[in-house]
Structure formats: structure tokens, C-alpha cells
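Visitor: take this sequence and fold it.
(chains A and B)
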Amino acid sequence: MGRVVVEVMPKPEILDPQGKAVVGALPRLGFTQFTGARQGKRFELEVEGAVTPEVLAAAREAAETLLSNPIIEDVVRVADASEETA
Amino acid sequence: MALDSARIGVVTFPGTLDDRDAARAVRLAGGEPVSLWHGDADLQGVDAVVLPGGFSYGDYLRAGAISRFAPMMDVLVDAAKGGLPVLGICNGFQVLTEAHLLPGSMIKNDHLHFVCRDQQLRVENAETAWTRDYTAGQTITVPLKNQDGQYVADERTLDELEAEGRVAFRYLGGNPNGSRRDIAGVTNAAGNVVGLMPHPEHAVEKGFGPDSADGARAGVDGLGFFTSILSSLVHA
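Guide: Residues are numbered from 1 along each chain as shown, chains lettered A, B, ... in the order given. Next up is the predicted model:
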């Protein structure tokens, strides 16, 4: 079974209320070194068999049409999960 | 067309909450509501469509993102581009932006809280199919209830919307969610597709609306949306 990873982030110019809440909470736990946080999404798409270039192309298309909204988000990564470094 | 023969479709998605209130608003205005199911690719010959509020598909992925690909939306997008009047309320507005029938998008409220209150709005554009019974500059009060209500678009899009008079409604008395330029609702260039986050369908009958000068829960400022579409259809 193959797996494709798709990562989506809010566009830099779009205020990220969730990231703002996270960065507000960090200092309360003593993590004072983090000055910003942005929260995105990670999808793992599973396929029968290997992750071929065709599968990656389809994942890219799915990322642009359904998994992200280009008005507010950027697709920052579409990759074969087996090539991820730990 | 006679007023009482106008048939207004109200689409139900899984997770829609306000379809019955929208249908009731259509009826109180004098039209005939027609229930439409998201899974059917058939508009049943309706004269206009309301996409009501709620949390279709639990707002999973993004508000309105999954509903936007329902079979009903395929036919609705084509019909709207052909001039069919469509009103998106709250989640319906989010579906319309995801379908690219209206510009911009909604993200989580800047304060991260669900907000539920009676909200003052200024009607900025009283020439759309859904606002012709109002006057430009008129103040109305209707309920507002959402979590992902912060309207965003890039500066160029916002400037275009302002220049073309396509900001249909603006929040008055404080911006409840951080929406850019206090925008509560927008229209397409043709004026047949209108979307807004507040809920006019909850302010259509005395005793069940917001408090008003006429008494507690007496506000019926939202009824104008539904009488507007009926008169638009009569004059079409």
C-alpha cells in the first residue's frame, strides 16, 4: 500500500486565528522562545500499490480542487510518504 | 409571473440546520418553498434557490468545502451563471464561495469563539435580486450565529468589490468576527447571487425575531430578502 502526503497551510497574508491562539498559549507553559505559530493541515492519501507519478499528479489535482481553497490556503507539499525522512 | 406562483428551492445538505426556517420565510413572504436534496441533480424548475445555514458535513475540511461538490451544486452553479437567483445564508454563503460563485472566503472568527447575537447591518446594495425591497443605507437587525464567519479576500479583490458596489451588507455597531472591511455579505456582478453570514430567515415573523422598537422579538427585518426575490421574479 502506498501513501501520499499532502500539506496545506494558510496563506502568509491571511491571519491564522488558530495559530495565534497556539502561540498565545505556549509562553504560559514556559515555551517563551516561540514568537509565532501557524497551523496547517496534513492529509495522508492511501492507494493500492506504489505511488507512481500518475498517483502524485492525481494527488496534486485533488490538493488544488478539494483539499485546499486557493483563496486562503497554499498547498506546500505533495510527496510519497515512503520518501519522508524520519 | 404572479407572486403566489413563485417557487423558491431550499437545498438541504447533510448537517444543514436552517432549511425549515428558510422555507418558512419563503412562505411568509408569499412564495412557495420547494425542498431540494443535495444528492439530486435536479432543480425541479424552481425560480430561485436558497442555500441555508448549518454545518454541512460538520464543517469538515473547510466550511462548505464538501457540499460544494454535491450533485445539486453542479446544476446550481451552471444555473446561477445563467442568471438563476441564489441566496446563500451563513453555511450557504460559505458553499457559494467554495463554488467560486462569490469571491473571498470565510475563516475562523478572529476571537475564536462561536458568536450568537442580534446584529445590525447596513444594506449597501439595494439593487440585487434579494435586496430590492430595501433602500441603500438602510439599517436592519437580524441574528448572527457562526464560528467561521471572518470574511477574507486579498486587497485587490476587496478594492474591486468596493468599486463595483458588490459589498451588499456591512456590519454596524462593531465587527463581530474580524471580517475585512466589516463585510457581512457580497453579491456577484449580475446581482443574482448574494451571500451573507447573518440570518435574515430568523427575522421574519413577530414573536420569533430579534428585539425591535416594536417590542421583544418583534423584529422582521429579514423578511425583505424574501419579498425582494418575489418582486424580482415578478418584474423579471
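
Visitor: among the helices and strands of chain A, which has the poorest mean pLDDT?
Guide: Ranked by mean pLDDT, DSSP states H and E, the weakest helix or strand in chain A is helix A:17-25, scoring a mean of 92.

Visitor: in the helix or strand following it, which residues are buried?
Guide: Counting by DSSP states H and E, the element after helix A:17-25 in chain order, helix or strand, is strand A:41-47. Residues A:43, A:45 are the ones in strand A:41-47 that count as buried (16 or more other C-beta atoms under 10 Å in any protein chain shown). To be clear about C-beta, it is placed using only N, CA and C from the backbone, and glycine gets the same treatment.

Visitor: give me the residues contacting strand A:41-47.
Guide: A:1-9, A:55, A:59, A:62-63, A:67, A:81 (C-beta atoms under 8 Å, 6 or more residues apart in numbering or on different chains).

Visitor: show me what from chain A comes close to chain B.
Guide: Proximity of chain A to chain B (C-beta under 8 Å from any C-beta of the partner chain) is limited to residues A:10, A:13, A:14, A:15, A:17, A:18, A:21, A:66, A:67, A:69, A:71, A:72.

Visitor: which ones are touching residue 16?
Guide: Looking at chain A here, since you left the chain open. Contacts of residue A:16 were listed using C-beta under 8 Å, 6+ apart, and they are A:10, A:38, A:39.

Visitor: wrong one, I was asking about chain B
Guide: Going by C-beta under 8 Å, 6+ apart, residue B:16 touches B:52, B:53, B:54, B:56, B:91.

Visitor: chain A versus the second one, what's the distance?
Guide: Think residue B:53. Distance check for residue B:53 against chain A: by C-beta to the nearest C-beta, to the nearest Å, it reads 19 Å.

Visitor: same check on residue B:129?
Guide: In terms of C-beta to the nearest C-beta, residue B:129 sits 24 Å off from chain A.

Visitor: what does residue B:205 give?
Guide: Distance, residue B:205 to chain A, by C-beta to the nearest C-beta: 35 Å.

Visitor: surely that residue is in contact with residue B:27?
Guide: No. Distance between residue B:205 and residue B:27: 10.2 Å, which falls outside the contact criterion (C-beta atoms under 8 Å).

Visitor: up against chain A, what does chain B have?
Guide: Within chain B, the positions lying close to chain A (C-beta under 8 Å from any C-beta) are B:61-62, B:65-66, B:69, B:97-98, B:103-105, B:107-112, B:150, B:152-154, B:178.

Visitor: narrow those to those that are buried.
Guide: B:61-62, B:65-66, B:97-98, B:103-105, B:107-110, B:150, B:152-154, B:178.

Visitor: low-scoring pLDDT stretches of chain B, where are they?
Guide: B:1-4 (pLDDT under 70).

Visitor: if we can go back for a sec, in helices, which of the buried ones among the residues of chain B next to chain A appear?
Guide: Here DSSP state H is the test, and these give B:97, B:98 as lying in helices.

Visitor: neighbours around residue B:29, how many?
Guide: Applying other C-beta atoms under 10 Å in any protein chain shown, we find 23 residues neighbouring residue B:29.

Visitor: the nearest residue to it once chain neighbours are set aside sits in which helix or strand?
Guide: Among residues not flanking residue B:29 along the chain, residue B:226 sits closest, at 3.4 Å (C-beta to C-beta, 6 or more residues apart in numbering or on different chains). Using DSSP H and E, residue B:226 sits in helix B:223-235.

Visitor: how about that helix: buried residues?
Guide: B:223, B:224, B:225, B:226, B:227, B:228, B:229, B:230, B:231, B:232, B:233.
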